[in-house]
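>>> I'll drop the sequence and a predicted model, then ask my questions.
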Amino acid sequence: MTRSRTAAVLAVAAVLPALLTGCAAGGDVTGSARAASRAASGATPDTRPSGDAATAGASEPATAGASGPGTRDASAARPVRSPAKPVRVPAGVTAGYAVVDVTTGKTVAQRQAHHRFRSASVVKILIATDYLERHRGTIPARDMALLTPMLRGSDDDAATALWRRGGQGEIVRRMARRIDLTETAPPPAAKPGFWGYTAISAADIALVYRYLLRRAEPRVRDFVLGNLRKASQCARDGFDQFFGIPRAVPRPWAIKQGWSGYGAVPPVKCTRAKATSYRIGAVTISGNPVDFGRPVLHTTGVIGDRLIMVVLTLQPSGASFTQSAQRVTKLARDLYLSVA
C-alpha cells in the first residue's frame with residue numbers, strides 16, 4: 001500500500017466514529033467530517049463558530065431559556081444568561097426594589113431594598129391603614145369621602161386632611177411600631193406637614209403589603225386592597241398613574257403609586273390639576289440620608305395572589321415625568337419577567 005493510500009485510509013477511520021455518533025444523535029456531522037479531512041491533509045482547521053454564533057457580537061447576551069424547536073444552542077460561543085441575573089437599572093436612576101412571594105414570605109428579588117427614599121404618595125397606604133385600625137365600626141360618610149379618593153386617585157387634599165387629624169408624624173411612628181418597619185420615619189422636623197417626605201424603603205413597603213395580606217383585620221385588608229385594586233388611571237392631580245406595574249404586568253393587581261418633583265402640570269392632563277411641587281435639599285434622618293431634591297417615581301403593589309412588588313426610584317435631576325414613567329415601566333417589566 002502506498003503512503004498516499006495509507007493516509008486516506010487513516011482519514012476515513014478518523015471520520016467514521018464522528019459519522020456514526022452524529023447519526024445516532026440526529027446532529028449535523030458535516031463540520032466534523034470537514035475538520036477530520038483537513039487534519040488528514042494538513043490543512044488549517046476552521047475555528048469560526050457556525051450558525052447564529054458566527055454573526056453574534058461578543059457582548060450580546062444569550063436569551064434565557066432559548067432551547068425549543070427551531071432555536072440554536074450558542075452556549076459554546078457565549079455564556080447563557082441565568083434567569084436569576086439582576087435586572088438592569090437605567091443609567092442615572094437610583095433604584096431600590098423588592099419582590100416577595102406572598103405565600104412563603106421569601107424575597108425572590110431585591111436590590112438596595114433598605115435604601116431610603118422619600119415616600120411621595122406611597123405613604124397614603126399607612127395613612128389609611130392607621131385610620132382604619134384606630135376607628136372601629138362604620139366609617140362616617142365624610143371620612144369615606146377622603147379615604148376612597150386618596151387610595152384610588154391618590155388625592156393629596158384628602159391625604160393632608162387625614163394626616164393632620166391623625167397626628168401627622170405619629171401616624172408613621174404608630175405603623176412602624178406595629179409592623180416593625182426599620183427604615184420608615186416621619187418627615188423632617190422642619191416639615192411636619194409634608195407627608196410625602198416620609199422616609200421609606202422597598203423592604204419596609206413590602207412588609208406593609210404582607211401585613212395587610214396576612215396580619216391585618218379582614219375589614220382593614222379588604223378596604224385598603226379593595227380600593228387599590230380599583231385605582232384609576234388618572235390621579236386627582238391630573239397625572240397618569242398607570243406606569244410601572246399597571247403597564248408592565250397582567251391583571252389582577254392592587255397598586256399604590258408615588259411621584260414627586262415634576263411640578264403641578266402633568267404632561268398629559270387627565271383631570272383638573274391641583275398640586276404643588278416642593279423642593280428642599282438632602283436631609284439626614286437617623287444617619288441615613290434621604291434625597292428630597294431629585295424627582296421620585298415609585299410603583300408598588302400586589303400582583304395576583306402570589307407576588308408583592310415594590311420599585312422605588314430616584315430619577316435624574318430635571319427628568320420629565322414621561323421619560324421617568326417609561327424607565328420605571330421597563331424596570332418593573334424586566335423585574336416581573338425575571339421572577340414570573
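The structure has been received and is ready for your questions.

>>> Please count neighbours and contacts with C-alpha atoms only from this point.
Will do.

>>> which regions of the stretch 151-300 of the chain sit below the pLDDT cut-off?
Counting by pLDDT under 70, the ranges of the stretch 151-300 of the chain that qualify are 270-288.

>>> just the strands in it please.
199-200, 253-260, 283-285, 288-290, 296-303 (DSSP state E, counting those that start in this stretch).

>>> among those, which is nearest residue 166?
Ranking the strands of the stretch 151-300 of the chain by proximity to residue 166 (C-alpha to C-alpha) places strand 199-200 first, at 17.7 Å.

>>> helices or strands up against the closest one?
Packing contacts for strand 199-200, counted by 3 or more C-alpha pairs under 8 Å, 6 or more residues apart in numbering; DSSP states H and E, involve strand 117-118.

>>> And the strand it packs on, what does it pack against?
Checking 3+ C-alpha pairs under 8 Å, 6+ apart, strand 117-118 ends up next to strand 199-200, strand 307-314.

>>> and the closest residue to residue 176 other than its chain neighbours, how many residues sit next to it?
Residue nearest to residue 176 in three dimensions, not counting chain neighbours: residue 184, with 6.5 Å by C-alpha to C-alpha, 6 or more residues apart in numbering. Number of residues near residue 184 (other C-alpha atoms under 10 Å) recorded here: 27.

>>> wait, isn't residue 184 in contact with residue 203?
No: counting by C-alpha atoms under 8 Å, residue 184 stays clear of residue 203, with 9.8 Å between them.

>>> With residue 106 as the reference, measure out to residue 293.
Residue 293 sits 33 Å away from residue 106, going by C-alpha to C-alpha, to the nearest Å.

>>> quick one: which of these two has more around it?
A side-by-side neighbour count of residue 293 and residue 106, using other C-alpha under 10 Å, places residue 293 first with 17 against 10.

>>> so who does the residue nearest to residue 158 when sequence neighbours are not counted touch?
Excluding the flanking residues, the one nearest residue 158 by C-alpha to C-alpha, 6+ apart is residue 146, at 4.8 Å. Residues in contact with residue 146 (C-alpha atoms under 8 Å, 6 or more residues apart in numbering) are 158, 159, 161, 162.

>>> where exactly do the helices run in this protein?
According to DSSP state H, the chain carries its helices in the segments 3-25, 30-41, 124-134, 141-152, 156-165, 169-179, 202-214, 218-228, 245-248, 321-339.

>>> Relative to residue 299, which of the ones you listed is closest?
Residue 299 lies closest to helix 245-248 among the helices of the chain, at 6.2 Å (C-alpha to C-alpha).

>>> which other residues reach the closest one?
Contacts of helix 245-248 (C-alpha under 8 Å, 6+ apart): 253, 255, 299, 300, 301, 329, 330, 332, 333, 336.

>>> for stretch 88-99, same thing?
107-115, 201-203, 206, 307-316, 327, 331.

>>> Which PyMOL command selects the buried ones in those residues?
For the buried members of the contacts of stretch 88-99, the matching PyMOL selection, counting by 16 or more other C-alpha atoms under 10 Å, is:
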select buried, resi 107+109+110+111+113+114+115+201+202+203+206+307+308+309+310+311+312+313+314+315+327+331
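
>>> In CSV, list the contacts of helix 245-248 along with neighbour count and distance to residue 217.
CSV is the format used below for the contacts of helix 245-248 (neighbours: other C-alpha atoms under 10 Å; distance: C-alpha to C-alpha, whole Å):
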residue, neighbour count, distance to residue 217
253, 21, 20
255, 28, 20
299, 26, 25
300, 28, 21
301, 25, 19
329, 22, 32
330, 19, 35
332, 26, 30
333, 18, 32
336, 20, 29
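
>>> For residue 147, which non-adjacent residue is closest in space?
The nearest residue in space to residue 147 (C-alpha to C-alpha, 6+ apart) is residue 128, at 6.5 Å.

>>> For the one you found, the count of nearby residues, please.
Neighbours of residue 128 using other C-alpha under 10 Å come to 23.

>>> Many thanks, have a good one.
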